[in-house]
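S.K.: Using only what follows, build the 3D model:
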Amino acid sequence: MTETHTTRLPHAVLDLPSRRLKGLKIERLLDLAALPQPIEMLEIGTGSGGIAHYFATHETLRCQVTAVDVIDQRLQDAGFDFRLVEGTTLPFADARFDVVISNHVIEHVGDEAAQRHHLAEVRRVMRPAGMGYLAVPNRWMLVEPHYRLAFLSWLPMAWRTPYLRAMRRGRVYDCNPPSLRRIQRLLTDSGFHFEYLSTRALRETLAIERNWGMLARTAAALPDALLDRLAPFNPTLIFKLTRA
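M.R.: Numbering: from 1, shown residues only. This next block holds a predicted model:
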């Protein structure tokens, strides 16, 4: 475990209703109903356990769910297996899972070397015909979501902690959100084919999570062609992954 990793804080979203909506969005974006069942599923960084519980207790999908995290913060634990892990190494055999979910995890694992290892582990435990879901905040988002501070992630890495401290929002900036170009490069280098879901994911988010703010209402009114042109600046980058 690196020094950087030991200073990292848990940033899990712990409100369960939002986790059920997130599970529904993942289900739709991956079109899970079309997969042969039962589905052997792994969720990395389960936090509250809400997404794992959503799939484990799904009314129509038959999912055998395993979840892992570096800290146990579960508010729901019924229906799925849970393992504590250290760092980015996954304690599972190669090609075990049909579906692997990494939802807002990779920005917390450390530097680029740690992020590459996270992706290598996702690919290793994914079956050859399996698929993955990767969501990560965009470095070029206007407001950094973990510390609610404008332009924090735009700064060079060495400036982020001083800015955080100057604004009295924390002691150490412990996240590393990538740009669209960088995460696409990491996915290619890690042996994935990927589909950047972009506008489709945004439309699903707006359809499922109806608590719209002004920016969301504005985005909902824009045509798909314009949203596609704005894709590099989406606040969240969402990908469907398959093995290359």
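S.K.: And the helices in the protein?
M.R.: In the chain, the helices defined using DSSP state H lie at 3-6, 16-30, 50-56, 112-125, 157-166, 180-189, 198-208, 214-221, 224-229.
S.K.: which of those sits most buried?
M.R.: helix 50-56 (a mean of 26; mean count of other Cβ atoms under 10 Å). For glycine as for every other residue, the C-beta is placed from the backbone atoms N, C-alpha and C.
S.K.: Who are the packing partners of that one?
M.R.: helix 16-30, strand 39-44, strand 63-69 (3 or more Cβ pairs under 8 Å, 6 or more residues apart in numbering; DSSP states H and E).
S.K.: So for Ala114, which of the ones you listed sits nearest?
M.R.: The stretch from these with the least distance to Ala114 (Cβ to Cβ) is strand 39-44; that distance is 13.2 Å.
S.K.: Which strands and helices lie in contact with the closest one?
M.R.: Applying 3+ Cβ pairs under 8 Å, 6+ apart, we find strand 39-44 packed against helix 50-56, strand 63-69, strand 97-103, helix 112-125.
S.K.: hmm, back to that, kindly reformat the helices of the chain as CSV containing mean pLDDT.
M.R.: Listed next are the helices of the chain as CSV, based on pLDDT from 0 to 100:
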stretch, mean pLDDT
helix 3-6, 42
helix 16-30, 93
helix 50-56, 97
helix 112-125, 98
helix 157-166, 94
helix 180-189, 97
helix 198-208, 85
helix 214-221, 75
helix 224-229, 86
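S.K.: can you put these in TSV and add distance to Leu75?
M.R.: Conversion of those to TSV gives the following (distance: least, Cβ to Cβ, whole Å):
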stretch	distance to Leu75
helix 3-6	24
helix 16-30	6
helix 50-56	7
helix 112-125	24
helix 157-166	28
helix 180-189	29
helix 198-208	21
helix 214-221	26
helix 224-229	34
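S.K.: Minimum distance to Gly87: which of those has it?
M.R.: With Cβ to Cβ as the criterion, Gly87 lies closest to helix 3-6 of the helices of the chain, at 6.4 Å.
S.K.: now Ala219: how far from Val172?
M.R.: Distance of Ala219 to Val172, given as Cβ to Cβ, to the nearest Å: 32 Å.
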